Every structure is written in C-alpha cells, then in structure tokens.
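A.B. asks: Fold the following.
(one chain, ligands or ions: 3)
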Amino acid sequence: ALMGWRMAGSWLHLERKGGKWRSPEEAGQHRVSRNRDGTVTVSVCRGRRGPGAPTAFPSSHRRFPSAPGAEAPHPPGHGRPSSVQLRETPALVIRKTWPRAQAGAGLPSPCDNGAGALSRQGPSGPCRPLRSAAPPAEAGRRRDGAAEAGGLRACPNMAAPSQITGMEVKTSEDHLKVCKMKKKVLRKQIRAQHTLMRHEGIECISHATQSLVIANAGLGNGMSRHQLLRIVEEYGLVETLLMPPNKPYSFVKYGTTEEAKKAFDALNGKEVTLEDFDQNIVLYVNFVEKVLWQNVVPTSLPPGLMIIEKIISPEEERRMLESIDWTGDEDTRNAQKTLKYRRVKHFGYEFCYDNNNVDKDKPLPGGLPEICNLLLDKWLKQGYIKHKPDQLTVNQYEPGQGIPPHIDTHSAFEDEIISLSLGAKIVMDFKHPDGHTVAVMLPRCSLLVMAGESRYLWTHGITPRKYDVIQASELGQKVRKITADVGDLTLNRRETRTSFTFRKVRRSPCNCIYPSVCDSQKGQQRQEQPSFPHSQMEALKLEQEYVHKVYEEIAIHFSSTRHSPWPRIVEFLRSLPKGSIVADVGCGNGKYLGINKDLYMVGCDRSKNLVDICGEKNFQAFVCDALSVPILSGSCDACISIAVIHHFSTAERRLATIRELVRLLRPGGTALIYVWAMEQEYKNQKSKYLKEKNGSEDKEEEIDSGTAQRPLCDPMPDSSSQVLARSDQPLNDSKDESCDAKPVADSRLPVHTNRTSFHSQDLLVPWHLKGGTKKKGEGVDTVLLPAGSKESQELTPVFHRYYHVFCEGELEAACRTLDCVRVQKSYYDQGNWCVVLEKL
Ligand SMILES: O=C(O)CCC(=O)C(=O)O
Ligand SMILES: [Fe+2]
Ligand SMILES: [Zn+2]
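C.D. replies: Ligands and ions are numbered 1, 2, ... in the order given. Presented below is the predicted three-dimensional model:
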C-alpha cells in the first residue's frame with residue numbers, strides 16, 4: 001500500500017501495481033475498488049514523466065495591460081509638418097497606468113534655442129510638442145521652416161508672446177523679455193502636464209484638438225463654474241465643461257479645433273482673478289484627445305446612510321433656531337463652547353471633547369428642548385428613526401468653519417445618529433478606512449440618518465472652507481452625492497449652518513462588527529488578544545486556538561460562503577493530464593475536488609467538520625495537518641494549497657508546509673499555492689475583497705470571481721492622509737485632523753476590520769457567525785448584549801482567525817529557498833499571491 005489514511009467515513013489505500021510507474025495515458029485510469037472490510041483500494045499505474053512533461057497551464061494574463069497602442073504613431077498634428085515623426089499615445093486622456101517612456105516622446109527644452117530663437121526663427125520655430133516622460137530625444141531639435149507659416153497657431157502648445165506679456169514686441173530687448181516670459185509659461189505649462197500625468201493619469205497631447213485641460217481653473221482652486229464658462233465661452237461654442245470635484249483643473253470641449261486653438265492661445269499663461277476669492281491665478285492650458293471623466297466613485301451613499309429632505313417646514317426651522325439661546329447663563333455654560341471652528345451647545349448630556357464621550361451619570365438639567373421632543377416623537381412614529389435620542393449637540397458653523405473627520409465614539413452612543421441641517425446646506429465628507437470618500441450634500445431642512453456601517457466605520461466631517469462643490473443644476477434641494485456628474489458642478493458659498501445632532505447614550509459596551517474602530521471592543525481585545533508567537537509551542541497554540549478551533553466552529557457557515565471556484569485555480573486543474581493524482585491540502589469544503597472529473601483528487605483538511613462536508617458531497621477527503629500529510633513522497637502529480645499557508649504563524653512553519661507539499665509531488669509534478677496578500681490594492685486596482693463594500697462580512701479572502709464588476713478606481717486618492725477611523729481622536733477641532741495607523745505597541749495581534757486594507761502582516765480576522773454554533777468554544781468573543789437590546793444581529797458570535805498576510809515576493813522567496821523546486825509562475829490574483837512550483 002502506498003498510503004493509508006482516514007477518509008470521510010472509511011479507510012483509503014492507494015497501491016502501486018507491479019512496482020513500476022506507468023503513465024496514466026498508458027495505464028488508462030486508476031482503479032478504485034471498495035473492499036469487504038470497508039477499505040478502498042485505488043490502483044494507480046504510473047509512468048516516468050520527467051520535468052519536461054508539458055504543463056498545460058497557460059501563461060498568466062496580466063490584469064493591467066499596458067496602455068493599448070501606447071507606441072502607435074498618431075496622425076500628424078495640426079500645423080506640424082508631416083515629416084515630423086512623433087510617437088504619441090493616442091486617444092487616452094485619463095488612465096491609471098504610466099506611459100512607457102518612449103524615444104521621441106521626450107520633453108523639449110522650453111525655448112531650447114534660447115532667446116535668440118525667437119528673433120531668428122520666429123516664435124514658432126523651436127517650439128515643440130510637450131511631453132512629460134523621457135528626456136529629450138529628437139523633440140526640440142527640429143527647426144522646420146514650415147512651422148513658421150502657421151505662426152503660433154502652428155505650434156499649439158506655446159502661448160503667444162503678446163498674450164503673455166501684453167506688450168508689443170519691438171526691440172531685441174523686448175524679444176528677450178518676451179522670450180523669458182514665454183519660457184516661464186512654458187515651464188509652468190510643462191509642470192502642469194507632469195502633474196496631470198503623474199497624479200491624475202491625464203495625458204496632454206501635442207497637437208491641437210477640440211478639447212483642452214485648463215490647469216488652475218478647477219473647482220479645487222476656487223474657480224466657479226459660471227466664471228469659467230464666461231471665460232471659455234469667449235473663444236467659441238463650448239460643448240462640454242467638466243469640472244471634477246476638488247481638482248485644480250477643468251476640461252473644456254469646443255465645437256471646433258479652431259475654437260480650441262483660439263482659447264489655447266488666449267488662455268495659456270493668462271492671469272485671471274478668481275471672482276469669489278479676489279485672488280489672481282495663472283491658467284495653463286494643454287490639449288487633450290478627448291474630454292472625459294470617469295466617475296471614480298460608486299454611485300451609492302455609504303451603507304446605512306439616509307437623507308430625508310424637507311423633514312421640517314421653514315416655520316419649524318425658525319422655531320428650532322430660536323430655541324437655542326447662544327448667550328448662555330451659569331447653568332449652561334459648561335454645555336456651551338466656542339470651539340476653534342464652530343460653536344456648540346449640548347442638551348441632555350454634555351459631550352466632553354477631551355475624551356469624546358459623555359458622562360452617563362450626569363444628565364444635564366432640562367433635557368432636550370421641547371420642540372425637539374415633539375419632532376423626535378413624530379419621526380419615531382413615521383419610522384425615520386428607531387430609538388428616541390436623549391442627547392443633543394447643536395453645532396453652529398460660520399462659513400469657513402467645520403468639524404474634523406471622526407466617528408462618534410461607539411461606546412458613547414447607540415447605533416443611530418441623526419443630524420438636522422438648519423439655516424443653510426453644507427457638504428459633509430464621509431470616508432471609509434480604506435481611503436474611499438463620498439461627499440454628501442446636506443440640504444437645508446433635511447435630516448441625515450447615520451446607521452450601521454456609515455455610523456460605525458466611516459468617518460464624517462465638514463471641511464472648514466467657505467465654498468462647497470455642489471451640483472450646478474441642483475442648487476435647489478436635491479440630495480445627491482457630489483461627485484456624480486462633473487459636467488454639472490459648481491461652487492456654493494456657505495452660509496451659517498446650524499445642525500442639531502441627536503444621539504442616544506449607550507448604556508452597555510458596543511458590540512458592533514467593526515472591532516478595529518470600536519473603543520468598546522478595543523479594551524476587551526487588549527486582554528484577550530493573543531500575541532505574536534515567539535516559539536514553536538506558542539505558534540502551535542495560537543493556531544490551535546485561532547485557526548483549528550475556529551474552523552471547527554464555523555465550518556457550516558464557512559462552507560455556505562464557499563461555492564465559487566476561482567477561475568485560475570480551475571484553469572490549473574483542468575490543465576492537468578487525465579488521470580493525474582492531485583492532493584488538495586487544506587481542501588475546506590472541497591470546492592475544488594470535483595472540478596475535473598478526469599483527475600483523481602483527494603482532499604485533506606485540519607477541520608473534521610469540513611472534511612465531513614466533503615464526505616457528504618462524496619468527495620475523497622481526510623483529516624490531517626498540512627505539516628504532515630499521510631501521503632507517500634512522490635506520489636502526486638499535482639497539489640494545490642489554496643488559502644492555507646497564511647494560517648501558519650511562523651515563517652518556519654509556513655516554509656515547512658510548502659516543503660511538505662513538494663514532498664508529495666513526483667519529479668516534474670506541480671503545486672499551485674494561494675495565500676492572502678497584504679496588498680489588497682495592487683497596480684492601482686483594489687481587490688474584490690476591498691471592493692465588496694456591501695458584500696457579506698464573511699467572504700474574506702475568497703470572493704466570487706468573474707461576477708463582480710471592476711469599478712473604476714480613484715485616479716488620485718485625495719492628498720490628505722488617510723484618516724484612520726479612531727474614536728479616541730478628540731473632536732475639539734485641534735489642528736491635526738488626521739492620524740495614521742498606529743503600529744501595535746506590544747506584540748498583540750491586531751484585529752482586522754473586514755473589507756479594509758491590512759495594516760499588519762500578522763493579524764486576527766473576525767468571522768461573524770451566522771446561523772448559530774454547534775458548541776460554544778474558546779476563541780469566541782463573549783457576546784455582550786446591550787441591556788434590553790432588540791438587535792438580534794448582536795447575537796452573532798465573533799470568531800477570530802489568525803492570518804499571516806504575505807507581502808509581494810514573500811511566498812516566492814520562501815519557495816526559492818527549497819532546492820528541489822523551480823518556481824514556474826508567480827502572480828497576483830484578486831488579493832492573493834500565487835505560485836506554481838515544479839518539483840525537480
Ligand atoms: O454638524 C453636523 O451635522 C454633524 C455634527 C457631528 O458630527 C457631531 O457633533 O458629532
Ligand atoms: Fe459626529
Ligand atoms: Zn462599536
């Protein structure tokens with residue numbers, strides 16, 4: 001017998017017939033026979049197959065192909081002699097990938113012939129199309145007399161001297177001055193190109209088109225839509241004007257190229273005064289192939305967020321505003337503060353900005369204003385809110401004021417937080433811990449309801465500024481996410497806004513499903529949280545507690561979330577020759593065991609409950625540890641290890657599992673390994689794990705492939721550093737509004753928040769068990785129920801699984817330390833690092 005192991009319900013023996021290996025082709029199929037004593041005999045005849053045996057695994061297709069046609073020449077540009085051979089990237093305006101530096105795509109030295117160039121050659125002579133990548137190649141060297149004929153127009157990327165200097169060129173001194181100015185504009189124009197390319201992926205082109213990108217004429221630097229429209233309309237019929245939110249540039253498309261050229265000549269280097277700010281800025285203009293802006297954010301509001309418009313009448317609004325006495329008296333002084341960026345007043349309970357919490361034993365006298373009680377009762381009846389709040393914070397913001405991004409402390413308040421906007425509309429920014437932001441316009445007299453994820457996980461804040469970017473056609477009241485339509489954005493001057501934020505004081509610890517941002521669970525985690533292992537014994541204990549036991553507990557629920565095989569793993573299995581013996585080490589619920597009926601596949605897993613599930617599906621599977629698999633060395637044609645090795649808690653143990661996998665292979669046999677990647681955003685693409693914001697909490701590393709759409713990613717995360725949602729960040733408007741992920745001070749393993757980026761390689765990933773557990777085991781958090789809580793979801797126990805997420809190259813490097821293998825392939829697949837090994 002080759003091997004004997006415990007299967008789902010029976011014993012399996014594999015036998016080698018005749019002491020010789022024959023190829024499966026020769027042998028036909030393996031034979032499986034069930035013996036009278038309940039054992040199964042599998043006869044496998046093997047042939048010699050060297051390392052050269054073909055593996056049909058096709059070459060990995062890259063997810064992010066280099067820009068199509070990046071090197072294709074494009075048709076001769078306007079006014080440029082056709083002999084000029086420039087190689088440019090056509091038709092790509094906004095894209096995520098960098099252009100490859102190309103010969104000929106070089107940057108011309110601005111006015112590279114110096115001041116004399118103008119007088120010798122006329123203004124257009126030395127001017128060449130501007131590119132931002134490689135050093136100058138042939139660009140900038142040509143002096144085509146032909147270009148002169150068109151004057152400046154022939155050279156669209158250069159500003160007319162008179163337009164820059166406003167003076168007539170008469171003397172050579174004037175020429176010098178003009179050229180200096182020209183050089184300066186050119187330099188800045190090039191810098192704008194660089195910035196557009198580097199930060200935004202917007203490619204400017206050298207020939208004239210109907211479309212321009214105008215740097216410094218964006219909503220982000222204070223240009224309003226109506227002002228820009230007035231400016232650009234002077235030169236022709238404007239077909240499209242796109243003003244992306246918070247960006248310092250805009251796109252304009254004219255009816256004809258002539259008009260765009262006219263605008264280019266007139267506007268590049270032109271100084272304008274921002275009407276709303278009384279400030280001067282200089283515009284820098286470049287041509288682009290097309291005006292387009294991909295909507296970079298999903299169209300939905302943060303989950304759990306709701307805005308109810310016109311929830312109160314103007315009369316109610318007036319009465320509410322009047323109910324707040326800002327003059328204050330002895331009694332209320334504590335509850336009223338003028339913060340740096342706004343003034344606040346508290347009712348019911350005082351909110352303390354030192355710890356962002358309330359003193360639950362010290363209710364303020366007077367409770368909430370009567371008018372509020374009436375309204376709250378009405379909203380409760382109407383179903384807008386589920387619980388009646390007992391705390392009110394009134395914030396008053398003058399234009400230019402705001403509130404730092406924050407999450408209202410979990411332990412302080414219950415789930416639902418509502419805010420009524422009075423006096424004026426304002427834009428509130430919501431931010432997910434992964435950096436994704438959504439700007440939401442809160443109309444006057446509307447009620448914002450934050451619940452669930454939007455309340456617990458996302459930060460909310462109001463940027464201190466005097467203008468908000470809002471939809472131009474919705475200057476009225478329509479609620480919309482601001483980033484929806486860049487063809488329709490403008491600036492709105494803020495006015496005094498008073499908000500009434502109602503919350504219900506929490507009486508027992510928060511047990512939300514966002515432990516990484518939950519102050520209630522942080523304290524709890526401190527004591528219970530396991531540490532990073534410092535010995536083999538500790539490692540084993542950690543894995544027993546936070547891997548083996550957990551999988552036993554969650555097996556049924558876990559299995560119910562694992563049904564879609566991953567395409568590239570299927571591809572690997574389908575590529576194996578008929579009759580191959582394949583071991584799936586860590587087979588889970590066996591989702592790969594039945595993929596290719598032409599293989600002889602056997603699975604094994606550490607979890608008995610999972611192996612039983614395999615047995616129920618009539619798959620061959622048995623219980624064992626991936627560190628010691630009871631299969632004879634060299635008996636498998638292929639092995640797979642999918643999402644297993646990341647559960648081993650030291651580098652030695654991870655390497656040992658790979659070694660064990662390889663041991664099973666015959667020479668020439670191949671192993672496919674998948675581990676979860678630290679990089680959940682790779683080559684500017686978010687993994688499905690991150691993207692499935694509204695997806696279930698429990699899908700973790702395995703997400704249905706092939707169905708989810710690839711959303712368009714943000715080409716430039718906004719420049720402010722990512723605000724890590726921390727509830728211990730004071731809300732008292734201290735200057736620093738953001739903070740970075742703090743490294744764990746001790747060696748305790750951090751608890752990850754699902755669907756966010758990883759901040760540590762070794763961590764605990766929560767599993768929220770649905771459908772009950774067979775038995776309550778260790779590794780389960782104590783479920784703390786708020787007294788009298790009706791929330792049944794809070795009953796779901798949370799388990800934590802240990803993971804070591806791999807960095808780029810880590811898995812491959814581990815494999816390369818083994819001298820009996822060759823790494824055939826190494827790739828990234830949906831948030832996982834993957835290798836195909838071949839045994840030598
Ligand atoms: O002004 C608002 O609408 C929100 C205020 C707020 O978030 C808070 O006080 O915690
Ligand atoms: Fe808040
Ligand atoms: Zn919480």
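A.B. asks: When you work out contacts or count neighbours from here on, use the C-alpha atoms and nothing else.
C.D. replies: OK.
A.B. asks: The closest residue to ligand 1 within the stretch 501-650 of the chain sits in which helix or strand?
C.D. replies: Residue of the stretch 501-650 of the chain nearest ligand 1, by CA to the nearest ligand atom: Thr501 (5.8 Å). Per DSSP states H and E, Thr501 falls inside strand 497-505.
A.B. asks: Give me the residues contacting that strand.
C.D. replies: Applying CA atoms under 8 Å, 6 or more residues apart in numbering, the contact partners of strand 497-505 are 321, 358, 360, 387-398, 412-414, 416-426.
A.B. asks: What's the PyMOL line that selects buried ones from those?
C.D. replies: In PyMOL, this line selects whichever of these come out buried by 16 or more other CA atoms under 10 Å:
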select buried, resi 321+358+387+389+390+391+392+393+394+395+396+397+398+412+413+414+416+417+418+419+420+421+422+423+424+425+426
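A.B. asks: which among the contacts of strand 497-505 are in contact with ligand 1?
C.D. replies: Residues of these in contact with ligand 1 (CA under 6 Å from any ligand atom): Thr393, Asn395, Ser419.
A.B. asks: For Val505, see how far away the residue lying closest to the first one once chain neighbours are set aside is.
C.D. replies: Computed as CA to CA, 6 or more residues apart in numbering, the closest residue to Thr393 that is not its neighbour in sequence is His346, at 4.5 Å. Between His346 and Val505 the computed distance is 13 Å (CA to CA, to the nearest Å).
A.B. asks: Comparing the two, which residue is more hemmed in?
C.D. replies: It is His346, of His346 and Val505, that has more neighbours when counted by other CA atoms under 10 Å, with 25 against 21.
A.B. asks: tell me the SS of the more buried one?
C.D. replies: strand (DSSP: H, G, I helix; E, B strand; the rest coil).
A.B. asks: Check the residue nearest to Thr393 and give its pLDDT.
C.D. replies: The model reports His346 with a pLDDT of 92.
A.B. asks: Could you check how far the closest residue to ligand 3 within the stretch 151-300 of the chain is from Ser454?
C.D. replies: Per CA to the ion, Ser300 is where the stretch 151-300 of the chain lies closest to ligand 3, at 23.2 Å. For Ser300, the distance to Ser454 (CA to CA) stands at 12 Å.
A.B. asks: Same question for Arg465.
C.D. replies: Arg465 sits 23 Å away from Ser454, going by CA to CA.
A.B. asks: what do you get for Leu837?
C.D. replies: 44 Å.
A.B. asks: who's more crowded, these two?
C.D. replies: Per other CA under 10 Å, whichever of Leu837 and Ser454 has more neighbours is Leu837, with 27 against 24.
A.B. asks: ok, so of the ones next to ligand 1 among the contacts of strand 497-505, who is nearest Ile642?
C.D. replies: Ile642 has its nearest neighbour among these in Ser419, at 46.5 Å by CA to CA.
A.B. asks: Can you list phi and psi of that closest one for me?
C.D. replies: phi -140, psi 130 (degrees, to the nearest 10).
A.B. asks: residue ranges with poor pLDDT in the protein?
C.D. replies: By pLDDT under 70, the weakly predicted segments of the chain are 1-170, 291-299, 328-341, 473-488, 523-528, 691-746, 771-796.
A.B. asks: which bits of it sit near ligand 1?
C.D. replies: When proximity is defined as CA under 6 Å from any ligand atom, the chain approaches ligand 1 at Thr393, Asn395, Asp408, Ser419, Ser499, Thr501.
A.B. asks: switch the cut-off to 8 Å
C.D. replies: Along the chain, the residues adjacent to ligand 1 under the rule CA under 8 Å from any ligand atom are 393-397, 402-403, 406-408, 419-421, 428, 448, 460-462, 498-501, 731.
A.B. asks: mind listing the strands for the stretch 151-300 of the chain?
C.D. replies: 211-215, 238-242, 249-254, 271-274, 279-282, 284-288 (DSSP state E, counting those that start in this stretch).
A.B. asks: For the ones you listed, state which one has the densest average packing.
C.D. replies: With neighbours taken as mean count of other CA atoms under 10 Å, the strands of the stretch 151-300 of the chain reach their highest mean count in strand 284-288, at a mean of 29.
A.B. asks: Neighbouring strands - and their directions - for whichever helix or strand comes after it?
C.D. replies: Per DSSP H and E, the first helix or strand lying C-terminal to strand 284-288 is strand 305-308. Its sheet considered, strand 305-308 pairs with strand 447-450 (antiparallel) by DSSP bridges.
A.B. asks: what comes up buried for the partner strand?
C.D. replies: So strand 447-450, judged by 16+ other CA under 10 Å, has buried residues Leu447, Leu448, Val449, Met450.
A.B. asks: just the residues you listed now: which is nearest ligand 3?
C.D. replies: Met450 (13.8 Å).
A.B. asks: now that closest one, which residues is it bridged with?
C.D. replies: Going by DSSP bridges, Met450 forms beta bridges with Leu305, Ile417.
A.B. asks: my guess is it meets Glu414, correct?
C.D. replies: No. Between Met450 and Glu414 there is no contact under CA atoms under 8 Å: 10.8 Å.
A.B. asks: now the residue of the stretch 501-650 of the chain closest to ligand 1: how far from Glu414?
C.D. replies: Distance of Thr501 to Glu414, given as CA to CA: 13 Å.
A.B. asks: Could I get the strands of the stretch 151-300 of the chain in TSV, plus columns for distance to Ala626?
C.D. replies: Formatted as TSV, those follow (distance: least, CA to CA, whole Å):
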stretch	distance to Ala626
strand 211-215	57
strand 238-242	56
strand 249-254	56
strand 271-274	67
strand 279-282	65
strand 284-288	56
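A.B. asks: Tell me which of those approaches Thr650 most closely.
C.D. replies: Nearest of these (CA to CA): strand 249-254, 49.5 Å.
A.B. asks: Who are the packing partners of the closest one?
C.D. replies: Where contact means 3 or more CA pairs under 8 Å, 6 or more residues apart in numbering; DSSP states H and E, strand 249-254 is packed against strand 211-215, strand 238-242.
A.B. asks: what's the angle from the first one to strand 249-254?
C.D. replies: Same thing as strand 211-215. Relative orientation of strand 211-215 versus strand 249-254 (axes from the mean of the first three to the mean of the last three CA atoms, to 10 degrees): 150 degrees.
A.B. asks: List the pairing partners of strand 211-215 within its sheet, with orientation.
C.D. replies: Under the criterion DSSP bridges, strand 211-215 sits next to strand 249-254 (antiparallel), strand 284-288 (antiparallel) in its sheet.
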